[in-house]
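Enquirer: Whatever this is, show me its structure:
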Amino acid sequence: MPMPLAEVVANALRVDPAALNDDLEFNSIPEWDSVNHVALILSLEETYGLTISDEQIVTLTRYGTIREFIEAHTSTAPALAS
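Expert: Model prediction:
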């Protein structure tokens, strides 16, 4: 079973999972810079077995959008809630 989304994002951004909410955006915290955004995308691809296109990468800049994308592109939606 894949790691919960909050854990994947928190590990990639090096933040506490409690700091995550649907409104958290790229560059809204120092930890979510361009380097960690790439690390986050790579972590999502590896964890959920996805290939994320360049066009998708530029739209996945908000935690809520990432959550919705993962739910739509995987069959692991129940694991995302934890």
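
Enquirer: going forward, measure contacts and count neighbours with C-alpha atoms only.
Expert: Fine.

Enquirer: distance of the closest residue to Ala10 other than its chain neighbours from Tyr63?
Expert: Spatial nearest neighbour of Ala10, chain neighbours left out: Pro17 (5.1 Å); criterion: Cα to Cα, 6 or more residues apart in numbering. Distance, Pro17 to Tyr63, by Cα to Cα, to the nearest Å: 11 Å.

Enquirer: Which SSE is immediately downstream of the lengthiest helix in the chain?
Expert: As assigned by DSSP state H, the longest helix anywhere in the chain is helix 34-48. Per DSSP states H and E, the first helix or strand lying C-terminal to helix 34-48 is helix 54-57.

Enquirer: Need the three-state assignment for the residue most central in space within the chain.
Expert: Central residue check for the chain by Cα atoms, centre = their mean: the C-alpha nearest the mean position is that of Val9, 4.6 Å away. What DSSP: H, G, I helix; E, B strand; the rest coil gives for Val9 is helix.

Enquirer: Next up, the contacts around it.
Expert: By Cα atoms under 8 Å, 6 or more residues apart in numbering, the contact set of Val9 is 17, 40, 43.
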